[in-house]
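*Asks:* could you work out the structure for the sequence below:
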Amino acid sequence: METVINEQNLYEKRLIHDISVHSDEKSFSRLHELYYNKLRNVAFYYTGCRNISEEVVSDVLIKIWLKRDSLLEIRNLNNYLFISTKNQSLNYISKNKRVSFSSIEDLPLEISIDSSCPEELLINSESCTMIDNAVDDLPKRCKIIYQMVREEGLKHKQVAEMLGISVKTIEAQISIAIKKLSHTLNPYYI
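*Replies:* Here you go, the predicted structure:
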């Protein structure tokens, strides 16, 4: 596990170096791919609107590109990006005090399907839809935390730091999500 984290850190450091020193657009595109969805979830937590969260993340990433000369000074890119996204979201909210909240548009839960049988494909498709709907029905805060932990693979401590709440709150929200999902999906998967 530690080796994977070290490899990830080395990869990110190479990307930062290439972006900062060589203004490498391909490295910036890789950085964008690596962080975009995670940052959008953080922005969505604060703004409550998918379109606004996408705008916020775009602004953060544009600032990274514009200030690429100083990227080598950043010690922890992950924390820097998440804190920048949080701050940009809060700035957006304060500038636009009247934010209209739209319905939550959930990122689909990806389930790997390797089947050529039409019946199995239909069943898997229906299962995905039921799971998506069950996640969609979670309370807003619970849903965001669940997605960050279970779908994005972030650790409880990381999510707590990004959202400015305690690890115990994260654990409680994950517990609530699991109970609600198992209650909703239990009749279909017995």
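*Asks:* how does this protein divide into domains?
*Replies:* Following automatic domain parsing, one gets these domains for the chain: 2-95, 118-188.
*Asks:* can you redo those domains as JSON lines with mean pLDDT and mean neighbour count?
*Replies:* In short, each C-beta sits where N, CA and C put it, glycine included. Putting the domains of the chain into JSON lines (pLDDT from 0 to 100; neighbours: other C-beta atoms under 10 Å) gives the following:
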{"stretch": "domain 2-95", "mean pLDDT": "85", "mean neighbour count": "17"}
{"stretch": "domain 118-188", "mean pLDDT": "80", "mean neighbour count": "16"}
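*Asks:* scan the protein for its longest helix.
*Replies:* Determined from DSSP state H, the single longest helix within the chain is helix 25-47.
*Asks:* what's the following helix or strand after it?
*Replies:* helix 50-66 (DSSP states H and E).
*Asks:* that following helix to helix 25-47, inter-axis angle?
*Replies:* 140 degrees (axes from the mean of the first three to the mean of the last three C-alpha atoms, to 10 degrees).
*Asks:* list the helices and strands helix 50-66 packs on?
*Replies:* helix 25-47, helix 77-95 (3 or more C-beta pairs under 8 Å, 6 or more residues apart in numbering; DSSP states H and E).
*Asks:* now do it against helix 77-95, angle only.
*Replies:* Going by the same axes, to 10 degrees, helix 50-66 makes 120 degrees with helix 77-95.
*Asks:* Leu163 is in contact with Ile145, correct?
*Replies:* Yes: using C-beta atoms under 8 Å, Ile145 makes contact with Leu163 at a distance of 7.4 Å.
*Asks:* now for those two: what residues contact both?
*Replies:* Ile170 (C-beta atoms under 8 Å, 6 or more residues apart in numbering).
*Asks:* just after whichever strand or helix holds Asn133, pick out the following helix or strand.
*Replies:* Assigned by DSSP H and E, Asn133 belongs to helix 118-136. For helix 118-136, the following helix or strand on the C-terminal side (DSSP H and E) is helix 140-146.
*Asks:* from Ile16, how far out is the residue nearest to Leu15 when sequence neighbours are not counted?
*Replies:* Leaving out its chain neighbours, the residue that sits closest to Leu15 by C-beta to C-beta, 6 or more residues apart in numbering is Ser27, at 4.7 Å. As judged by C-beta to C-beta, to the nearest Å, Ser27 and Ile16 stand 8 Å apart.
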